[in-house]
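Student: Sharing a sequence plus its predicted fold:
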There are 2 protein chains.
Amino acid sequence: MATEYSEHTESKDKQPRTARGLKTKRKLLDAAALEFGEKGFHEASITGITQRAGTALGSFYTYFDSKDALFTALVKDMSARVKTHAAGAMTEWHDALEREKLALEAFMTFAREHKEIYRIIDEAEFVDPGSYRSHYEETAKRIYERLQEGAAAGDFRGELEEAHAWAIMGMNVFLGMRYGIWSEEKSPVQIAEIASGILAKGIGAEKK
Amino acid sequence: MATEYSEHTESKDKQPRTARGLKTKRKLLDAAALEFGEKGFHEASITGITQRAGTALGSFYTYFDSKDALFTALVKDMSARVKTHAAGAMTEWHDALEREKLALEAFMTFAREHKEIYRIIDEAEFVDPGSYRSHYEETAKRIYERLQEGAAAGDFRGELEEAHAWAIMGMNVFLGMRYGIWSEEKSPVQIAEIASGILAKGIGAEKK
DNA sequence: TTGAAACATGAACCAACATTCAACTTAGAA
DNA sequence: TTCTAAGTTGAATGTTGGTTCATGTTTCAA
């Protein structure tokens, strides 16, 4: 399926000026997502991408300056997609804690359906560190905002800081990797409940 | 400083049979840790490694079958070092929760002092996925064992499962990356306290 | 002391792509 | 219909860097 890729105004890649061009570029991006997701950046080859896309090798350079440039564009795009999807999944909620649960649940489901995305974002740590940092910094910021809203609503403690957001994000990412990508032995709901339990009451014994 | 590298009996790399050989191999391993840590696997070159080590290019192949084999050996070794260090840091503790706090604190300190190690282990996700999985699976298992001990001691809830260990590990890894590797704006103690707070009482508002 | 195994050396080899380019085709505005 | 910009093509180029190997040196047991 041909996925939507947003066009970034500041991007340095050459924009298509024709319906035909647009279609070709999209085919290349979709093919690249597959190829990178399957083989990783270094094992992937431009030849492989153009073959999947069904275009000639040279056409690649009509739309991208280099292999790296393509990768960067892809990371930016996937990052945006994760963000969009997550936002759409938290529309209905009663308290802030429940919202976090829904967020993780949505994340897990999305990860299972788009395993390539996570491989690509993860590999950005080495191929395009700037994008990698941006992705997680922005994600953390979004979580932190939710924490502040939750505190304002009286659901969360008042002294939460950015580090709390990073802790929650780390939890989510690792649970996503282990129970979303590596195996599906537990459902997103089950995992979300476990994480939610930690956020609700910690792991200490009942009484004190 | 020349670090100790354990010799794995099942390893396929060629063992040195002489004091001289042992020394050379050690120089290569130390140099490789530096080179990989600094440049990452793909940017790193055998030439760069042998230059750092002060040996001839060809000598590399006296001790390692390939660049990949070296990397694998390195990951195994670093993984073991992390494990050893963590174990040594939790000798004195009163309750299980405090032990977790000490574990994270030690992890953060170690990460700051050995940033290369974490880059190498992380990159294993793409260069040597098997080692990567093993590393985190074993780490999770160790955490899970601590959770069970804590439950037995009455410090932790009884229903904790493996997923709880993965959640804690994810928290630790991301906090380590953000506040150990990327910046040192907060001390290991401060970070450990934040994480410990989550495990102790969650993030919910005080009363209920 | 000696000889064979272990080790060291670095020039040369080679395969794998990323990237370029000049010739060719198609789109779509006028 | 025509004409030019946009797009397509794939063979050829060029570079990088892992790996090999023939030759020379060192170790150490006998």
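Tutor: Arrived safely, thanks for sending.

Student: So which residue is smack in the middle of chain A?
Tutor: Compute the mean C-alpha point of chain A, and by CA atoms, centre = their mean the closest residue is A:Val82, 3.9 Å away.

Student: quick one: contacts for it?
Tutor: Under the criterion of CB atoms under 8 Å, 6 or more residues apart in numbering or on different chains, the contact list for A:Val82 reads A:Phe107, A:Phe110, A:Ile117, A:Ile121, A:Thr139. Bear in mind the C-beta positions are built from the backbone N, C-alpha and C, glycine included.

Student: Check the residues you listed one by one and keep those near chain B.
Tutor: Of the residues in the contacts of A:Val82, proximity to chain B by CB under 8 Å from any CB of the partner chain holds for none.

Student: Just those residues: which are in helices?
Tutor: Using DSSP state H, the members of those that fall in helices are A:Phe107, A:Phe110, A:Ile117, A:Ile121, A:Thr139.

Student: And DNA strand C, is the helix or strand of chain A with the lowest mean pLDDT touching that?
Tutor: Lowest on mean pLDDT, DSSP states H and E among the helices and strands of chain A sits helix A:67-88, with a mean of 94. Yes - Helix A:67-88 reaches DNA strand C (CB under 7 Å from any atom of the strand) through A:Lys67, A:Asp68.

Student: which parts of that helix are buried?
Tutor: A:67, A:70-79, A:81-82, A:85-86 (16 or more other CB atoms under 10 Å in any protein chain shown).

Student: what does stretch A:38-53 give?
Tutor: Across stretch A:38-53, burial judged by 16+ other CB under 10 Å covers A:Gly40, A:Phe41, A:Ala44, A:Ile46, A:Gly48, A:Ile49, A:Thr50, A:Arg52, A:Ala53.

Student: give me the subset of those touching DNA strand C.
Tutor: Among the buried residues of stretch A:38-53, the residues within reach of DNA strand C (CB under 7 Å from any atom of the strand) are A:Ala44, A:Ile46.

Student: any chance of the buried residues of stretch A:38-53 in JSON lines, plus pLDDT?
Tutor: Below are the buried residues of stretch A:38-53 laid out as JSON lines (pLDDT from 0 to 100):
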{"residue": "A:Gly40", "pLDDT": "97"}
{"residue": "A:Phe41", "pLDDT": "98"}
{"residue": "A:Ala44", "pLDDT": "98"}
{"residue": "A:Ile46", "pLDDT": "98"}
{"residue": "A:Gly48", "pLDDT": "98"}
{"residue": "A:Ile49", "pLDDT": "98"}
{"residue": "A:Thr50", "pLDDT": "98"}
{"residue": "A:Arg52", "pLDDT": "98"}
{"residue": "A:Ala53", "pLDDT": "98"}
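
Student: Narrow the buried residues of stretch A:38-53 to those in helices?
Tutor: A:Gly40, A:Phe41, A:Ile46, A:Gly48, A:Ile49, A:Thr50, A:Arg52, A:Ala53.

Student: ok, which of those residues also contact chain B?
Tutor: Among those, chain B is touched by A:Gly40, A:Phe41 when using CB under 8 Å from any CB.

Student: from the ones in helices among the buried residues of stretch A:38-53, which is closest to DNA strand D?
Tutor: DNA strand D has its nearest neighbour among those in A:Thr50, at 7.8 Å by CB to the nearest atom of the strand.

Student: isn't that closest one right next to A:Phe60, touching?
Tutor: Yes - when contacts are counted by CB atoms under 8 Å, A:Thr50 is listed as touching A:Phe60 (5.5 Å).
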